[in-house]
Structure formats: structure tokens, C-alpha cells
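>>> One predicted model, sequence on top.
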Amino acid sequence: MTIIELVVVVILIALLATIGFVQYNKMVEKGRTAEAKAVLGLIRSAQHGYKQQYGAYTSVLDRLGIESLVTSCTSTHYYSYGLDNVLATATRCTASGKTPDAPVYSITLDYDTGVISGDATYY
């Protein structure tokens with residue numbers, strides 16, 4: 001085995017490792033969206049209950065009675081949540097070393113249709 005063959009093998013291994021690492025990071029980020037989907041579903045259920053009781057959706061989180069909901073980035077959550085009278089929004093946190101493998105993005109949920117959308121491909 002010559003040194004050239006050895007260099008080619010090392011380069012190929014490094015290239016495959018780089019591709020694998022990038023794909024791994026994308027899958028980890030996609031897995032973190034499970035938190036956002038679960039909380040957005042919880043918000044939707046709470047909003048429907050609120051609407052049945054009061055006749056309209058609320059834009060005030062405290063009125064929904066969801067204790068686990070966070071409105072700012074904390075060390076225990078990857079998203080912060082907000083809502084208005086039509087949509088709930090989960091915004092990816094960047095504090096506490098939680099930098100996403102993409103630009104900061106948001107995931108939204110429409111209360112009436114249940115459609116999840118956003119500005120990233122992770123959802």
C-alpha cells in the first residue's frame with residue numbers, strides 16, 4: 001500500500017463522516033420539533049375548550065391553564081411559545097447552547113384547521 005492510496009482512503013473516510021454528521025444534526029433538529037408539536041397540540045386543545053366556554057379564542061397564555069407552557073427560552077425547552085386569536089407559534093430558542101442547525105425558525109399551528117406550518121423543513 002502506497003502513501004497515495006492511504007491518503008485517498010483517509011479522504012474518503014473523512015468525506016463520508018462529514019456527510020453523516022450533517023445528516024445526524026438534521027435528524028436531531030427534526031426530533032426536537034416533537035416538543036413543539038406536542039405543546040402546540042396542547043395549546044390547540046386548550047383553545048378549543050376556551051372557545052366553547054367563552055365563545056372566542058384567547059391571546060393570553062395564562063387564561064388557558066397550561067402550567068408547562070413557557071413563553072421565553074429556558075434551559076428545559078427548545079422552543080418558546082406564543083399565541084394570538086388564530087395561531088399558536090413555537091419559536092426555536094438559541095440561548096443556553098441550543099443553537100439550531102439552521103437559522104432560527106418558527107412552527108405555527110392553526111386552531112381551526114390543525115395545520116402545522118413553518119419556515120423550516122423540520123416540522
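Thanks, I have it. Numbers count the residues shown, from 1 in each chain.

>>> and residue 50, what helix or strand is that in?
helix 3-54 (DSSP states H and E).

>>> okay, the angle between the helix or strand that that helix is followed by and helix 3-54?
Downstream of helix 3-54, the next assigned helix or strand under DSSP H and E is strand 79-83. Strand 79-83 and helix 3-54 are oriented at 30 degrees to each other (axes from the mean of the first three to the mean of the last three C-alpha atoms, to 10 degrees).

>>> So what's the gap between strand 79-83 and the chain middle?
Here the centre of strand 79-83 is set off from its chain's centre by 10 Å, with C-alpha atoms, centre = their mean, to the nearest Å.

>>> low-scoring stretches of this protein, by residue?
By pLDDT under 70, the weakly predicted segments of the chain are 68, 96-102, 121-123.

>>> Repeat the analysis, applying 80 as the threshold.
Residue ranges of the chain with pLDDT under 80: 1, 67-76, 94-104, 119-123.

>>> burial count for residue 54?
Residue 54 is flanked by 10 other residues according to other C-beta atoms under 10 Å. In short, each C-beta sits where N, CA and C put it, glycine included.

>>> Kindly apply the preceding question to residue 87 instead.
Here the number of neighbours of residue 87 (other C-beta under 10 Å) works out to 19.

>>> Quick check: it touching residue 113?
No. Taking contacts as C-beta atoms under 8 Å, residue 87 lies outside contact range of residue 113: 10.4 Å.

>>> So for the protein, the centremost residue is which one?
residue 33 (3.4 Å; C-alpha atoms, centre = their mean).

>>> Hmm, that one is touching residue 107, no?
Yes. Contact status for residue 33 versus residue 107: in contact at 6.5 Å, counting by C-beta under 8 Å.

>>> follow-up on the earlier one: if I look at the residue nearest to the centre of the chain, how far off is residue 57?
With distances taken as C-beta to C-beta, to the nearest Å, residue 33 is found 23 Å from residue 57.

>>> do the same with residue 110
Distance, residue 110 to residue 57, using C-beta to C-beta: 11 Å.

>>> neighbour count winner among these two?
Between residue 110 and residue 57, counted using other C-beta under 10 Å, residue 57 has the larger neighbour count: 21 against 14.

>>> Cheers, nothing more for now.
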